[in-house]
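S.K.: Sharing a sequence plus its predicted fold:
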Amino acid sequence: MVDGTREQGGGYHGGREETSSRQGQHHPSARNQPQQQQSSHHHQQQQAQGYGQQATSASRNVVNRPLSATASSNVLSPTPSNTSSTSRKTSSRYNLSDFTFIRTLGTGSFGRVHLVRSQHNSRSYAVKVLSKDRVVKMKQVEHTNSEREMLERVRHPFLVNLWGTFKDTKNLYMVMDFVAGGELFSLLRKSQRFPDPVAKFFAAEVALALDYLHSLDIIYRDLKPENILLGADGHVKITDFGFAKHVPDITWTLCGTPDYLAPEIVQSRGYNKSVDWYALGVLMFEMLAGYPPFFTEDSNPMRLYEKIIAGKVRYPAYFAPEAKDLLKSLLTPDITKRFGNLANGSRDIFGHVWFQEVDWERLYRKEIPAPYVPKVEGDWDASNFDAYPEVDLSEYGNMTGADPHGHLFPLF
Ligand SMILES: Nc1ncnc2c1ncn2[C@@H]1O[C@H](COP(=O)(O)OP(=O)(O)O)[C@@H](O)[C@H]1O
Ligand SMILES: [Mg+2]
């Protein structure tokens, strides 16, 4: 499948002139502000033409409004152990002095992710830091414990790997592999939009990862180009399990990113795994068009939500008919018709004609060459990530002060 032209560095622009890369101001502070109700939407102020030219991934925030109290009944032992627990592949036995902090790689709504060097093996890792205070204020305690628990459980070529966690009196730390190729978001904005085979390659790898998560009854719930990283080899690594949750049947929490919310989430109805397949449709559309299907010119999220519920999509004429056909089956508000939610489950998606040339076994084994190989020079090259103002790290690693929230995070 997808043997699109490979390219080193730069954007993947399918033969068009490369436009400027992300030159807009960065909004790391905005990126740290989770939106409790609706997200103010930077992107929506922009015309479809040139959509997102100023955007950094910092500008698209998440929504999170818990609609029902959800108790986590499945808490793993808080005690680090190297033998007894079979379900534990990670460790809590790290601490801050094991790492040297090099620079910030990204900030999201709740966390800041740093490139670090391990004192033990001198290798590079990415450490996500969450302030306990902030997590509590944002009502993200359940989600944060779930993030750690879900990351712990998964192992897949297209999902980021968690090595372990630790905490101090103020913060929680998650140690992951450093995924050096940067966000798919950056590549997409640089490229404006992807040629069909390129979008197909990324959509196919993401689909395998989602299908794997669903096989474990995990809903991911925050699919978007900001959370999809590229390895140095150009293959996908999904990060950010902040909203991932074990859901065998249905759940009600309103969370995710406005552009990517399925209509049933917007309408506060119970929803299931098929919200991830809907989000795959939004991702496909955004990769092919350069803007998501329901963006509005004003920044009024209510207008966005109305459009999501109405579900009327304008397909650009340059979309392949096969892509459009699959998109219709993914973006339908009618969950009794949505692919991924029917009797055949995800097979309807994997077997769709748009994916016809995909050899799924080879794709899983990373034997399909990636369409774009990021420029990565050595283990410490973070140049595929935006630069962020650094923060004062002197608060990191404090083991003595008061820790009023410590008991809320038994998994760290
Ligand atoms: N393992 C990683 N390697 C490199 N960069 C990462 C990694 N994990 C996250 N990042 C960067 O940090 C950003 C924020 O991390 P994320 O987990 O998405 O936080 P949030 O939950 O706040 O959105 C990501 O969008 C990405 O740019
Ligand atoms: Mg994120």
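M.R.: Cool, the structure landed. Ligands and ions are numbered 1, 2, ... in the order given.
S.K.: Which parts of the host helix or strand of residue 324 count as buried, going by neighbours?
M.R.: In the assignment (DSSP states H and E), residue 324 maps to helix 321-330. Neighbour-count burial for helix 321-330, counted by 16 or more other C-beta atoms under 10 Å, picks out 323, 324, 326, 327, 328, 329, 330. Yep, even glycine has a C-beta here, placed from its N, CA and C like the rest.
S.K.: swap in stretch 258-270?
M.R.: In stretch 258-270, counting by 16+ other C-beta under 10 Å, buried: 258, 259, 260, 261, 262, 263, 264, 265, 266.
S.K.: so which pair among these is furthest apart in space?
M.R.: Pairwise distances across the buried residues of stretch 258-270 (C-beta to C-beta) peak at 15.7 Å, for the pair 259 and 264.
S.K.: Residue nearest the middle of the chain, spatially speaking?
M.R.: In the chain, the C-alpha nearest the mean C-alpha coordinate belongs to residue 227, at 2.4 Å (C-alpha atoms, centre = their mean).
S.K.: Just say helix, strand or coil for the closest residue to it other than its chain neighbours.
M.R.: Nearest non-adjacent residue to residue 227, counting by C-beta to C-beta, 6 or more residues apart in numbering: residue 240, 4.2 Å away. Of the three states, residue 240 takes coil according to DSSP: H, G, I helix; E, B strand; the rest coil.
S.K.: gap between residue 240 and residue 96?
M.R.: 22 Å (C-beta to C-beta, to the nearest Å).
S.K.: go on, residue 143?
M.R.: Counting by C-beta to C-beta, the gap from residue 143 to residue 96 is 24 Å.
S.K.: how many neighbours does residue 133 have?
M.R.: Applying other C-beta atoms under 10 Å, we find 12 residues neighbouring residue 133.
S.K.: Got phi/psi on it?
M.R.: phi -50, psi -50 (degrees, to the nearest 10).
S.K.: residues in contact with it?
M.R.: 170, 405 (C-beta atoms under 8 Å, 6 or more residues apart in numbering).
S.K.: Pull out the buried positions in stretch 286-294.
M.R.: Within stretch 286-294, the residues that qualify as buried are 286, 287, 288, 289, 290, 291, 292, 293, 294, counting by 16+ other C-beta under 10 Å.
S.K.: interface residues of this structure facing ligand 2?
M.R.: Residues of the chain lying close to ligand 2 by C-beta under 5 Å from the ion are 108, 227, 240.
S.K.: Please enumerate the helices of the chain.
M.R.: Per DSSP state H, the chain carries helices over the ranges 28-31, 132-137, 141-153, 184-191, 196-215, 263-266, 274-289, 301-310, 321-330, 347-350, 360-364.
S.K.: ranking the ones you listed by mean pLDDT, which is last?
M.R.: Among the helices of the chain, helix 28-31 has the lowest mean pLDDT, at a mean of 30.
S.K.: The chain against ligand 1: which residues are in contact?
M.R.: Proximity of the chain to ligand 1, by C-beta under 6 Å from any ligand atom, involves residues 57, 105-111, 113, 126, 128, 160, 176-179, 183, 226-227, 229, 239-240, 242.
S.K.: Which members of those residues occur in strands, if any?
M.R.: Members of these lying in strands (criterion: DSSP state E): 105, 106, 107, 111, 113, 126, 128, 176, 177, 229.
S.K.: circling back to that earlier point, closest to ligand 1 out of the buried residues of stretch 286-294?
M.R.: Nearest to ligand 1 out of the buried residues of stretch 286-294 is residue 286 (C-beta to the nearest ligand atom; 15.4 Å).
S.K.: Smallest gap between the stretch 151-300 of the chain and ligand 1, at which residue?
M.R.: As assessed by C-beta to the nearest ligand atom, ligand 1 sits closest to residue 240 within the stretch 151-300 of the chain, at 3.3 Å.
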